[in-house]
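[1] Structure for this input, please:
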Amino acid sequence: MISTGDIRAVIESGEIVEDYPNDARGQSFLILGFVANRPLHVVCSPKDDYLAIITAYLPSAREWEENYRKRKIR
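    Numbers count the residues shown, from 1 in each chain. Down below sits the predicted model:
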């Protein structure tokens, strides 16, 4: 389970690991943070009046390098 508090913690103290400037929803970012010793990815898009949270998920070690900052090349 991912709580709203977890998402907030990642946004406040995580690091941007990917930038999607041409996203159909407008520019968005993938932020990595660690909550309770587990990695958490949050994709968000800044708007004029708010920050849109697009998705939040626990990244898979099969798809991400060990540090969860870079996708594995397939």
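[2] check contacts around the residue nearest in space to the middle of the chain.
    What sits nearest the mean C-alpha location of the chain, by CA atoms, centre = their mean, is residue 42, with 2.5 Å. When the contact criterion is CB atoms under 8 Å, 6 or more residues apart in numbering, the partners of residue 42 are 7, 10-11, 14, 30-31, 33, 53, 55-56. To be clear about C-beta, it is placed using only N, CA and C from the backbone, and glycine gets the same treatment.
[3] now residue 6
    35-36, 40, 56.
[4] which element is it on?
    In the assignment (DSSP states H and E), residue 6 maps to helix 4-13.
[5] could I get that helix in PDB with only the CA atoms?
    The C-alpha trace of helix 4-13 is given here as PDB (Å, rounded to 0.1, in the frame of the first residue of the first chain):
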ATOM      1  CA  THR A   4      -0.700   9.900   0.700                       C
ATOM      2  CA  GLY A   5       1.900  10.600   3.300                       C
ATOM      3  CA  ASP A   6       4.400   8.400   1.400                       C
ATOM      4  CA  ILE A   7       3.700  10.300  -1.800                       C
ATOM      5  CA  ARG A   8       4.200  13.600   0.000                       C
ATOM      6  CA  ALA A   9       7.500  12.500   1.500                       C
ATOM      7  CA  VAL A  10       8.800  11.500  -1.900                       C
ATOM      8  CA  ILE A  11       7.800  14.800  -3.500                       C
ATOM      9  CA  GLU A  12       9.300  16.800  -0.600                       C
ATOM     10  CA  SER A  13      12.600  14.900  -0.300                       C
END
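[6] I'd like the next helix or strand past it.
    strand 15-20.
[7] That following strand pairs with which strands, parallel or anti?
    strand 28-35 (antiparallel) (DSSP bridges).
[8] and the nearest residue to residue 26 once chain neighbours are set aside, what does it touch?
    In space, and not counting its chain neighbours, residue 26 is closest to residue 45: 5.3 Å by CB to CB, 6 or more residues apart in numbering. By CB under 8 Å, 6+ apart, residue 45 lies in contact with 23, 25-29, 51-52, 54.
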